[in-house]
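Novice: Please find the sequence and the predicted model below.
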Amino acid sequence: MSGCSIRALWILNHQDAVVFSRRFPVVEKRWRLACQRENESRSKENGGIALHPFLPTDTELASAFAERKRREGSARGYGIRLIHSTRGSDSWTDDPITRHIIMLHINREEGDEYMLWPLVLHIKGIFYILVLPLVEPQQFVSYVEICKRSDCGNSIGGHAGLSSLLLKLPCITGSCVVSHTIGDIIMGDLVDPEVVVSSSPVTGLLDSLTGSIGISGIAARSKPAIAPVSTSTSGASVVGGTMLDTPRSTSKPFDKDVLRNFISASMPFGTPLDLNFSNISLIKTNGFASADPPPTDLKQPAWKPYLYKGKQRILLTIHETVHAAMYDRDEIQDVVLISGQVNCRAELEGLPDVSLLLTGLRAANVDVLSFHHCAQVSEQGVDNQAFMFSPPLGNFVLVRYQASCSLDFPVKGFYQLSMVSEDEGAFLFKIKLMEGYKAPLSMEFCTVTMPFPRRRIASFDGNPSMGTIAMTEHSIEWKIVISGRGITGKSIEATFPGTIKFFPRTSHKVSVMNKTVSGRAIETEGDSDGEQDGSSNNTNVEEQLMEVMNKDLQAAELEEPLCWQAYNYAKVSFKISGGTLSRMSIDQKSVSIYPAAKAPIDFSMQAVSGDYILWNTLGRCPSSVNPKVK
């Protein structure tokens, strides 16, 4: 986090009320001194932009944020200049980066007005997280000048635009990491990456010792971090290429003590030092252990505050998530993308270095390849990548990559839905599983779900060629391959025709003003954390308001009456073990430890579905056009 200091941070709820805030006086003093020097220099030059060394109160910031949402159209805004864009607004800069790096016009209670920039915006669940890093006054002045330009932005690759300015600021990257970490803490999304021990024989380093270790058929996971709130879907999620910007999920109040302790330990005085929640929790629980210090000739890295003692082993898992959009249309090409990562757990005594070789890069057609900061990476080869790393404690993501699928779609086919009336429809599925796949690849389970979020299902009729059917109020679930009855070394075709009936549409137009929540205060004021005595009442208010907001959503048009925003689709869920779909792998014979240690190595591979969508062939669907490279 070199070059990153945080002036302040705020957390707002979906009602634009500040529920938590933290200011860092040490960093703020640096900003005030810099502003004073800059203002004195500019006054001598008879002109220029006056810098304001102020931080807003929680009430002022909440008011400015709500005004920006109204002006820009949403919390993120559009990021491009529109007809109604005003000079000095984020959309006036005509740069999509303003969807994530925003500016607020603060109206002080004393009557003054000033600009607060750059604010890193991260949406997590029902919360908006704003982080204000420290920048140089000259950089702030450059931004103000960009906001007042009359031209409509710069051409791609220009050097005077907002993106070019932000690219030179390491504090922006650091603030993004801070905001995402805080989002994970308040939503409880802090489970360590999965590292699975395969049941197949282990090969590689010290093969002769492997059989006596006795590790097979178990899953190695660190205990998940304390989750103060229930996990919920992020407000800025992507479903088949459609981004939903508004946070819609409900949540219990997060544990502010956990967040305060993390901020105090991870970035004392406003400078991020270690944002690893597991490390911070261990240090808080155990303190800095003085026993078994590392050798004097070795430097203990920050990501390993404690040395491991016990039976040694290395666990490696390649975990791939497959995203796909299938249209069954001549004019739209089907799309598939693989997001992969190498998860690792290295239980090794001392401070050893581990080296290994990642293979299959050319076959996988890797677009992005990034490494954990503990790794030292050599020059990349045509089909492989060698690197060395000093492993931290617990489970961690060693490598991340994006690639295309080297094999055929693991699940392909089409979905058709035709409405014969407003409340009745006929559908048809035709699915092929694991076509062209051979052992040891095995599909452990496969499920197809038809969601109908805006309608209630009365009944359905239909018999699939295989599998079982389950119905809920708003979905139909087709379990083609049931867990425990996986398929290996063969392909399967399955069909599912049927009809569906819905309850008649009823009006859900409800006025928020007529609800019992209308008379309650929903904005928190007071101390720096925005707490009130009636916190439980505020929670009920949030849940009731979210319920009302969801009911008030406009239903789809009559010709597409089933899904939100006039789209209908089916979502596929599956898991494949025994290999990867990109053909990325690790050369187990290349794994070595220095200094040498008797540590068996276990390696496994698996692939799961992400947003794997079958769009209705007979309905509307979102799509993007990829430019042709000549």
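Specialist: Here it is on my side, so go on.
Novice: For the closest residue to Ala375 other than its chain neighbours, give me its contacts.
Specialist: Once flanking residues are discounted, Ala375 sits nearest to Phe389: 4.0 Å by Cβ to Cβ, 6 or more residues apart in numbering. Any C-beta I mention is one placed from the backbone N, CA and C, and that applies to glycine too. Neighbour list for Phe389: 353-355, 371-372, 374-376, 398 [criterion: Cβ atoms under 8 Å, 6 or more residues apart in numbering].
Novice: which among the residues you listed end up buried?
Specialist: Neighbour counting by 16 or more other Cβ atoms under 10 Å classes 354-355, 371-372, 374-375, 398 among these as buried.
Novice: what's Leu134 sitting at in phi/psi?
Specialist: phi -90, psi 130 (degrees, to the nearest 10).
Novice: how about the helices in the stretch 201-350 of the chain?
Specialist: Taking DSSP state H, counting those that start in this stretch, the helices of the stretch 201-350 of the chain run over residues 207-213, 256-266, 277-286.
Novice: re the thing from before, give me the beta-bridge partners of the residue nearest to Ala375?
Specialist: Val354, Ala375 (DSSP bridges).
Novice: could we number from 35 for the rest of this?
Specialist: Sure, I'll start counting at 35 from here, so that last one is Phe423.
Novice: how near is it to Val411?
Specialist: Computed as Cβ to Cβ, to the nearest Å, the Phe423 to Val411 distance reads 9 Å.
Novice: got it, and Gly447?
Specialist: Taking Cβ to Cβ, one finds Gly447 at 40 Å from Val411.
Novice: Pick out whichever of the two has more residues nearby.
Specialist: Ranked by neighbour count (other Cβ atoms under 10 Å), Gly447 and Val411 place Gly447 first, with 20 against 15.
Novice: So Asn650 versus Ile510, what's the distance?
Specialist: 14 Å.
Novice: cool, Ile516 as well?
Specialist: 16 Å.
Novice: Same drill for the two, tell me which one is more crowded.
Specialist: Between Ile516 and Ile510, Ile510 has the larger neighbour count (other Cβ under 10 Å), namely 21 against 14.
Novice: pLDDT at the more buried one, what is it?
Specialist: Ile510 carries a pLDDT value of 95.
Novice: next one: Val445
Specialist: 95.
Novice: Look up the closest residue to it, ignoring the ones flanking it.
Specialist: Closest to Val445 by Cβ to Cβ, 6+ apart is Val606, at 5.1 Å.
Novice: Over to the one you found. Which of the three states is it?
Specialist: Three-state assignment for Val606 (DSSP: H, G, I helix; E, B strand; the rest coil): strand.
Novice: need the contact list for it.
Specialist: Applying Cβ under 8 Å, 6+ apart, we find Val606 in contact with 358, 445, 480-483, 643, 646-648.
Novice: One more: Leu390?
Specialist: 350, 420-421, 620-621, 624-626.
Novice: what about it, distance to Ser412?
Specialist: 12 Å.
Novice: next one: Asn418
Specialist: Asn418 is 10 Å from Ser412, by Cβ to Cβ.
Novice: low pLDDT regions in the chain?
Specialist: 35-36, 77-83, 185-194, 224-225, 232-287, 316-331, 541-600, 659-664 (pLDDT under 70).
Novice: Could you pull out the helices in it for me?
Specialist: Counting by DSSP state H, the segments of the chain that form helices are 59-78, 92-106, 171-181, 196-201, 204-221, 241-247, 290-300, 311-320, 395-398, 569-585.
Novice: will you turn those helices into CSV that also has distance to Ser123 and mean neighbour count?
Specialist: Formatted as CSV, the helices of the chain follow (distance: least, Cβ to Cβ, whole Å; neighbours: other Cβ atoms under 10 Å):
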stretch, distance to Ser123, mean neighbour count
helix 59-78, 23, 15
helix 92-106, 6, 19
helix 171-181, 8, 16
helix 196-201, 13, 18
helix 204-221, 20, 21
helix 241-247, 62, 12
helix 290-300, 31, 16
helix 311-320, 36, 16
helix 395-398, 43, 19
helix 569-585, 26, 16
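Novice: any chance of these in a markdown table, plus distance to Leu43?
Specialist: What follows is the helices of the chain, written out as a markdown table (distance: least, Cβ to Cβ, whole Å):
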| stretch | distance to Leu43 |
| --- | --- |
| helix 59-78 | 11 |
| helix 92-106 | 11 |
| helix 171-181 | 18 |
| helix 196-201 | 18 |
| helix 204-221 | 7 |
| helix 241-247 | 46 |
| helix 290-300 | 8 |
| helix 311-320 | 16 |
| helix 395-398 | 39 |
| helix 569-585 | 20 |
